[in-house]
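A.B. asks: take a look and give me a structure for this.
(one chain, ligands or ions: 1)
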Amino acid sequence: MVMFGVTGDLARKKLLPALYDLANRGRLPASFSLVGFGRRDWNNEEFAEQVKGHVRKGARTDFDEGVWQRLAAGLRFVQAEGFEDDAAYQRLGQELVDLQDQRGTGGNHAFYLSIPPNSFETVSQKLSTHGLARRTTSGADPWSRVIIEKPFGHDEASAHELNHAVERVFASNDVFRIDHYLGKETVQNLLALRFANRLFEPLWNNQHIDHVQITMAEDIGIEGRASYYDGVGAARDVVQNHLLQLLAITAMEEPISFDADHLRREKEKVLEAVQVPSDLASASARGQYTSGNQEGQEVVGFLEEEGFDPTSTTETYAAFTLGIRTRRWDGVPFYLRSGKRLGKRVTEIVVTFKHAPNLLFSEADEDEFGQNALIIRIQPNEGATLRLASKVPGTGMQIRGVDMDFSYGRSFTEESPEAYERLILDVMLGEPPLFPRHREVELSWRILDPFITRWESLEEQPEPYAPGSWGPESAHELLARDGRAWRVP
Ligand code: BG6
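C.D. replies: Model (predicted):
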């Protein structure tokens, strides 16, 4: 693996620890080698020391000196003046040849571009010019793959351009776009819940489902990521990718198999059928967190965060109402929301069923009555809850909602790997199902572009909301207009 952006936040916190964890779990071949490509003036030993520090801090498995030594033997660093530095690519080429001779890498290369997207084209081109990246046919050896991190553009047109720039160098099957939500066990489990059970599928349609809520809430703020986040905002940062992927998996038809092509095709059909309401204003809400007290701690507002323009209109909260124009989903609203500095960190999908016809239970409070829901907890406390109606003990026939709960922690002794472990391993094995392809990315932008364009045309700042709250007032109004309310997780 050759990693560009190896000194960046993502590499330090997630990628390098994930590589160590894979090694520690015995998932990496003995020949595995990692070449860091960057500006620092490091030799291989200094690079290894840095990696070790990040591994010790971020790895999920215990530190084992023997495993570390074996991994460290394959660490190399190529110093470059920048992504345009031809001499550095030549040194990289030599390093890759040496690694093939010394460690038996077989000439198989995964190039991890953990760098800003405006450099994807330059790096891909340089790799191609220097004969390091090749267009390979599917399944051929040696292979040459590229891993790219979001944001894949900032709208449909730029995503299209970016996709073409990368696919001019790498065959489309060799491009692995990371959406780390797809690496999460609980997201993959959505497929199992839906298609390995008999129970849900007959009810999974507009005859029985009232609406779906998809929430990704974080309690943290921007965490020093101003240079990335400003001008991006919640919609581009997480709705375009993570939330729309969750929507696609929740709503898609059963694929013929888990083959990449079958799975992606079904997701694309949903994304293509997503209906953007004509009244964009009433189908969306945006906000910015203010300063205040969050769980006993004073926190600064978004506009006072370091590195921000104090007039920034970047949203830290976004919510949308979307419909899906298919026979299965016609008339069922999908409500999506995500924000920073909300009440707590939680990602969940709530599928709320229609009220049961109340012919018998006159004592029941209509609001409480028989509105079943399936709550899929993506994180934390991974699992699912089924909300049922039950008789309250005592005389009479009072009804109350009760929860039936499945939690990973109680049901499994097996540990879930970190999303990045799973995804990195899949790249090396050449398994593409968990990576969105070109078209999915563009279709997701197509859904959001009208909302974002409208927001960008507005003069006013996004609506303020207090840290620790559940977002701006307009987000609550979004559901209230339909006679519904967000679930408080
Ligand atoms: C990333 C976003 O994709 O996901 C971040 O860029 C966000 O802004 C992060 O904090 C959240 O990931 P997770 O796995 O903690 O839900």
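A.B. asks: stretch 282-290 and the ligand, are they touching?
C.D. replies: No: Stretch 282-290 lies out of reach of the ligand by C-beta under 6 Å from any ligand atom, never closer than 13.4 Å. In this view, the C-beta of every residue, glycine as well, is placed from N, C-alpha and C.
A.B. asks: which stretches of the stretch 51-200 of the chain form helices?
C.D. replies: Listed in chain order, the helices of the stretch 51-200 of the chain (DSSP state H, counting those that start in this stretch) span residues 65-72, 86-103, 120-129, 156-169, 185-195.
A.B. asks: does anything pack onto the fourth one? Which helices or strands?
C.D. replies: The one in question is helix 156-169. helix 120-129, strand 144-149, helix 438-457 (3 or more C-beta pairs under 8 Å, 6 or more residues apart in numbering; DSSP states H and E).
A.B. asks: rebuild these as TSV, extending it with mean pLDDT, distance to W486 and mean neighbour count.
C.D. replies: Below are the helices and strands packed on helix 156-169 laid out as TSV (pLDDT from 0 to 100; distance: least, C-beta to C-beta, whole Å; neighbours: other C-beta atoms under 10 Å):
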stretch	mean pLDDT	distance to W486	mean neighbour count
helix 120-129	95	37	19
strand 144-149	95	30	22
helix 438-457	97	18	19
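A.B. asks: just to revisit the earlier point, out of the helices of the stretch 51-200 of the chain, deepest packed?
C.D. replies: Most buried of the helices of the stretch 51-200 of the chain, by mean neighbour count (mean count of other C-beta atoms under 10 Å): helix 120-129, with a mean of 19.
A.B. asks: CA-only coordinates of that helix, as CSV, when you get a sec.
C.D. replies: Written as CSV, here are the backbone C-alpha positions of helix 120-129 (Å, rounded to 0.1, in the frame of the first residue of the first chain):
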residue,chain,number,x,y,z
PHE,A,120,-6.7,13.3,-7.0
GLU,A,121,-6.1,14.1,-10.7
THR,A,122,-2.5,15.3,-10.2
VAL,A,123,-1.5,12.2,-8.2
SER,A,124,-3.3,9.8,-10.5
GLN,A,125,-1.7,11.4,-13.6
LYS,A,126,1.8,11.3,-12.0
LEU,A,127,1.3,7.6,-11.0
SER,A,128,0.4,6.9,-14.6
THR,A,129,3.1,8.9,-16.2
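A.B. asks: which helices and strands does it pack with?
C.D. replies: In terms of contacts (3+ C-beta pairs under 8 Å, 6+ apart), helix 120-129 is packed against helix 86-103, strand 109-113, helix 156-169.
A.B. asks: now it against strand 144-149, angle please.
C.D. replies: If you take axes from the mean of the first three to the mean of the last three C-alpha atoms, to 10 degrees, helix 120-129 sits at 170 degrees to strand 144-149.
A.B. asks: quick one: contacts of helix 120-129?
C.D. replies: For helix 120-129, contacts defined as C-beta atoms under 8 Å, 6 or more residues apart in numbering pick out 4, 83-84, 86, 89, 111, 113, 115, 133, 146, 148, 162, 165-166, 168-170.
A.B. asks: mind checking how far G394 is from the ligand?
C.D. replies: 43 Å (C-beta to the nearest ligand atom, to the nearest Å).
A.B. asks: my error: substitute V239 in the last question.
C.D. replies: Taking C-beta to the nearest ligand atom as the criterion, V239 is separated from the ligand by 11 Å.
A.B. asks: now do S257
C.D. replies: With distances taken as C-beta to the nearest ligand atom, S257 is found 28 Å from the ligand.
A.B. asks: same question, P255
C.D. replies: With C-beta to the nearest ligand atom as the criterion, P255 and the ligand are 25 Å apart.
A.B. asks: what's the answer for V55, then?
C.D. replies: 19 Å.
A.B. asks: report pLDDT for that residue.
C.D. replies: Reading off the confidence values, V55 has pLDDT 98.
A.B. asks: still on that earlier bit, for V427, find the nearest of the helices and strands packed on helix 156-169.
C.D. replies: Ranking these by their distance to V427 (criterion: C-beta to C-beta) puts strand 144-149 first, at 5.5 Å.
A.B. asks: of the helices and strands packed on helix 156-169, which is nearest D237?
C.D. replies: Among the helices and strands packed on helix 156-169, the nearest to D237 by C-beta to C-beta is helix 438-457 (11.2 Å).
A.B. asks: what's around whichever residue of the stretch 201-350 of the chain sits closest to the ligand, how many residues?
C.D. replies: In the stretch 201-350 of the chain, the residue that lies nearest the ligand is D237 (4.8 Å; C-beta to the nearest ligand atom). Look at D237: counted by other C-beta atoms under 10 Å, it has 21 neighbours.
A.B. asks: which non-adjacent residue is nearest it?
C.D. replies: Y229 (6.8 Å; C-beta to C-beta, 6 or more residues apart in numbering).
A.B. asks: ok, now G323?
C.D. replies: Q275 (4.1 Å).
A.B. asks: in contact with the residue nearest to D237, which residues?
C.D. replies: Counting by C-beta under 8 Å, 6+ apart, Y229 touches 222, 237, 314.
A.B. asks: do H130 as well
C.D. replies: By C-beta under 8 Å, 6+ apart, the residues touching H130 are 86, 89-90, 92-93.
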